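In: show me how the following folds:
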Amino acid sequence: MTARMQQRRDTAANWTSANPTLAAGEIGIETDTQKMKVGTGSTAWSSLAYTATGTVTSITAGTGLSGGTITSTGTIAIDSTVATLTGSQTLTNKTLTTPVISSISNSGTVTIPTGTVTLATLTGTETLTNKTLTNVIYTQALLTPTFTTNAYTFVLGDQGDILLASNGSTAGTITIPTHASVAFPIGTQITVIQTASGQLTIQGAGGVTVNSTGATSTAPKLRAINSSATCIKSGTDTWYVVGDIS
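Out: All right, here's what the predicted structure looks like:
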């Protein structure tokens with residue numbers, strides 16, 4: 001005859017209502033939930049923990065993606081939290097579905113999910129606003145004005161340039177125009193080099209004040225062939241002429 005062992009059993013509600021204290025090692029089963037508890041000899045039913053039945057009935061989001069834990073209630077606790085990427089993170093074999101920058105090309109463009117941004121290439125004319133330039137290298141252009149009537153008047157394009165002025169053996173004049181005529185910004189510098197024997201005089205148009213150490217302060221002359229002078233705008237219609245003048 002086969003021996004049978006029968007454990008104490010009742011519904012969950014009846015166990016809770018009666019709340020007995022099971023003997024040490026004694027097993028109690030809830031017939032409606034199939035859960036069981038093992039007595040300690042001193043702990044009442046309601047204070048005993050369920051013993052795992054070996055069947056996982058649900059998965060509950062918890063706090064631990066790296067590994068799950070099966071609890072006595074048949075629940076696996078896992079971590080559903082995603083790394084915040086607020087610090088240094090190492091991503092291995094991960095796919096970023098919405099990257100901030102998709103690609104950077106040699107043509108000066110940055111491709112982003114919402115479009116393309118074109119970067120300044122500095123190969124043409126660029127406008128720089130509120131930028132700090134360090135180690136600036138400024139290259140001045142060399143121009144040769146043509147005196148059709150033994151005279152030349154500065155134009156806006158002369159700003160920052162070096163003028164190689166030649167009028168042969170005939171004396172000539174270079175005129176600084178008024179601000180109303182040519183709006184050079186204050187601080188403009190234009191250098192003139194006399195490359196022939198014809199002596200050049202630098203003077204201001206009517207309304208322009210020229211200051212220099214020349215014999216005639218308001219109309220200094222370049223001293224000789226290869227002499228140079230720099231015209232510096234210090235006010236709306238005020239200029240200084242400094243250099244090898246007489």
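In: just the buried residues of the longest strand along the chain, please?
Out: The single longest strand within the chain, with elements called by DSSP state E, is strand 228-235. Of all the residues in strand 228-235, those buried under the rule 16 or more other C-beta atoms under 10 Å are 228-229, 231-233. (Glycine included, C-beta is placed from N, CA and C.)
In: again, but for stretch 34-41
Out: 35-39.
In: now do the helices in this protein.
Out: 12-18 (DSSP state H).
In: flag the shaky bits of it, pLDDT-wise.
Out: 1-2, 52-87, 96-122, 137-140, 144, 147-148 (pLDDT under 70).
In: got the domain ranges for it?
Out: Domain segmentation of the chain under automatic domain parsing yields 9-47, 142-243.
In: need the winner for burial among those.
Out: Highest mean neighbour count among the domains of the chain (mean count of other C-beta atoms under 10 Å): domain 142-243, with a mean of 17.
In: dig out what the spatially closest residue to residue 218 that is not a sequence neighbour forms beta bridges with.
Out: Counting by C-beta to C-beta, 6 or more residues apart in numbering, residue 218 lies nearest to residue 210, which is 4.8 Å off, once chain neighbours are set aside. Legend: beta-bridge partners of residue 210 under DSSP bridges are residue 239.
In: what's near enough to touch residue 210?
Out: 176, 202-204, 217-220, 239-241 (C-beta atoms under 8 Å, 6 or more residues apart in numbering).
In: want to throw those into TSV with distance to residue 190?
Out: As requested, the contacts of residue 210 are exported to TSV (distance: C-beta to C-beta, whole Å):
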residue	distance to residue 190
176	8
202	10
203	14
204	13
217	19
218	17
219	16
220	14
239	9
240	12
241	10
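In: closest to residue 142 out of the residues you listed?
Out: Comparing these against residue 142 with C-beta to C-beta places residue 202 closest, at 18.3 Å.
In: beta partners of the closest one?
Out: With DSSP bridges as the rule, residue 202 is bridged to residue 174.
In: ok so, going back, in strands, which of the buried residues of stretch 34-41 appear?
Out: Using DSSP E, the buried residues of stretch 34-41 in strands are 36-38.
In: as CSV, those with distance to residue 224 would be great.
Out: Formatted as CSV, those follow (distance: C-beta to C-beta, whole Å):
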residue, distance to residue 224
36, 117
37, 116
38, 117
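In: ends of stretch 9-20, how far apart?
Out: Distance across stretch 9-20, first residue to last, is 12 Å (C-alpha to C-alpha, to the nearest Å).
In: and what of stretch 9-21?
Out: So stretch 9-21: terminal residues 14 Å apart, C-alpha to C-alpha.
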